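Novice: What would the 3D arrangement of this be:
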Amino acid sequence: MKILLTNDDGIDAPGLSTLERAVAGLGELTVVAPAEPHSGCGHRVNVSRPLTLQERSPSRHALDSSPADCTRIGLTQILPDAAWVLAGINDGGNLGIDVYMSGTVAAVREAVLLGRPGVAFSQYRRNREEIDWTTSEGMVRAVLERLLQEELPPGAYWNVNLPDHAELDGVPDIVFCPLDTSPHPVVYDQLDEGYHYRGNYHRRPRSVGGDVDVCFSGAIAVTKVVMEGGA
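Specialist: Modelled structure (predicted):
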């Protein structure tokens, strides 16, 4: 089985290296990731300039563009027979309506548009302490062993959010849950003639049993996202 890996934090991000280790042994891996970080870029693609691909090492490529473009180049030029596209591990959560802004999730959504199943992985954290990527690796491996055996209908992909490590009490449960569509608290302060975003991600509204609630409560939130018109 051939697997395409990408992310939105850039090819040098520790989350991507962690994903590579977690997937090792499950298939033949090829990486096509942004040369620079593109966090929060959504589903942006470039169609007005040439895209430059650099081979960093065998089966590892850096593209000077967005995560969605990495998926496009990966599936059309580098690994057209990929069975799955995996994105992440993002440094920070991509819960609820974050899926519409996340470059990590957009990379997988682009894969679905091109006819491939995909999984987006994100590591939620409550504070800025360094992430224990070894713990994240174990959680990703456990999730993949289940999801790679699951059938995905056309127009659907998996969005996975790992809980903050401080919330863990042993091995976290894997909980299949719906996407929480509660809005973000959008707050700005006007300072220095500019608007500064002050929304609190960790205090965002959440619905009981939704992906935000599940992840914030210390479990692994697994959500099947179905695009409009999908099955």
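Novice: any weak-confidence spans in this structure?
Specialist: Along the chain, the parts satisfying pLDDT under 70 run over 229-231.
Novice: Where do the strands of it begin and end?
Specialist: In the chain, the strands defined using DSSP state E lie at 2-6, 28-34, 53-57, 60-63, 84-91, 118-123, 156-162, 174-176, 188-191, 194-197, 220-226.
Novice: I figured Pro14 hits Trp133, correct?
Specialist: Yes. The pair formed by Pro14 and Trp133 meets the contact definition of Cβ atoms under 8 Å, at 5.5 Å. No exception for glycine: its C-beta is placed from N, CA and C like everyone else's.
Novice: So for the two, which sits in the more crowded spot?
Specialist: With other Cβ atoms under 10 Å as the criterion, Pro14 and Trp133 differ in neighbour count, and Trp133 comes out ahead with 20 against 14.
Novice: how far away is that one from Arg21?
Specialist: Going from Trp133 to Arg21 by Cβ to Cβ, to the nearest Å gives 9 Å.
Novice: Same check on Cys177?
Specialist: Applying Cβ to Cβ, one obtains 26 Å for the distance of Cys177 from Arg21.
Novice: between the two, who's got more neighbours?
Specialist: Residue environment comparison for Cys177 versus Arg21 gives the larger neighbour count to Cys177, 20 against 14, counting by other Cβ under 10 Å.
Novice: OK, contacts around that one?
Specialist: For Cys177, the set of contacting residues under the criterion of Cβ atoms under 8 Å, 6 or more residues apart in numbering consists of Gly209, Gly210, Asp211, Asp213, Val214, Ala221, Val222, Thr223.
Novice: Just give the number of residues close to the closest residue to Ser182 other than its chain neighbours.
Specialist: The shortest distance from Ser182 to any residue that is not its chain neighbour, by Cβ to Cβ, 6 or more residues apart in numbering, is 4.0 Å, and that residue is Pro205. A count of nearby residues for Pro205, using other Cβ under 10 Å, gives 13.
Novice: hang on, isn't Pro205 packed against Pro185?
Specialist: Yes. Pro205 is within contact range of Pro185, at 7.2 Å (criterion: Cβ under 8 Å).
Novice: separation between the residue lying closest to His43 once chain neighbours are set aside and Asn7?
Specialist: Distances taken as Cβ to Cβ, 6+ apart place Ala106 nearest to His43, at 4.0 Å, with adjacent residues excluded. Here Ala106 is placed at a distance of 11 Å from Asn7 (Cβ to Cβ).
Novice: Name the residues contacting each of those two.
Specialist: When contacts are counted by Cβ under 8 Å, 6+ apart, Ala106 and Asn7 are jointly contacted by Pro67.
Novice: out of those two, which sits in the more crowded spot?
Specialist: Asn7 (32 against 27).
Novice: and the gap between the closest residue to the more buried one other than its chain neighbours and Gly103?
Specialist: If you skip the residues right next to it in sequence, Asn7 has Leu16 as its closest partner in space, 4.6 Å away by Cβ to Cβ, 6+ apart. Distance of Leu16 to Gly103, given as Cβ to Cβ: 12 Å.
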